[in-house]
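Undergrad: Sequence and predicted structure are below.
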Amino acid sequence: MPREQPKGPFCQSCSMPLEEANDFGTDAAGFRVNDYCRHCYSGGAFTEPQITMPAMIDRCVAIMAQRRIMSEPDARALLTRVMPTLKRWRVAGREVAAAAANPSQNATRGQRPSVRASIVARPKQRMKIVSPGRRMRSSA
């Protein structure tokens, strides 16, 4: 009988289906984290913070083949397609892309680019009371 397709949610680091309560990772206080599995995230931190996406793919391919979830070539093809879309790797990819887009800026600062640095702050809008119960935006 063919194996049923998992419906999700999925770990946003390794793509493991999160089907049972004990599959989920935990924050620093020990509460459930909905984005990551217990193998990738525990106690509020990644269990292997220095692992690269290719190393994670290799690790997951081996587990999937060992557990006979799918063949090694099929698992590698699937994970190579899916892994870059997951939260952990998608954010890292944006930082890498930002660094590639502005190499001179990064070289002068000597820092990794930040995703937050690209967000432009909008000025606060002041509200002016023109009559009881009505407000109007001021042009300041």
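TA: Nice, I can see it.

Undergrad: contacting residues for the nearest residue to Gly25 once chain neighbours are set aside?
TA: Of all residues not flanking Gly25 in the chain, Tyr41 sits nearest, at 3.3 Å (C-beta to C-beta, 6 or more residues apart in numbering). C-beta here means a position set from N, CA and C on the backbone, and glycine is covered the same way. Shown in contact with Tyr41 (C-beta atoms under 8 Å, 6 or more residues apart in numbering): Ser13, Gly25, Thr26, Val33, Asp35, Thr47.

Undergrad: quick one: low-confidence parts of this structure?
TA: 1-6, 91-140 (pLDDT under 70).

Undergrad: Please, where are all the helices along it?
TA: 53-66, 72-82, 87-101, 103-109 (DSSP state H).

Undergrad: how close does the spatially closest residue to Met16 that is not a sequence neighbour get to Ala21?
TA: Sequence neighbours aside, Cys37 is the residue nearest to Met16 in space, at 4.7 Å (criterion: C-beta to C-beta, 6+ apart). Remark: distance between Cys37 and Ala21 (C-beta to C-beta, to the nearest Å) = 12 Å.

Undergrad: and those two? which has more neighbours close in?
TA: Cys37 (23 against 7; other C-beta atoms under 10 Å).

Undergrad: in the sheet, who's paired with that one?
TA: Phe24 (DSSP bridges).

Undergrad: quick revisit: quick one: which of the contacts of Tyr41 is nearest to Leu79?
TA: Of all the contacts of Tyr41, the one with the least separation from Leu79 (C-beta to C-beta) is Ser13, at 11.7 Å.
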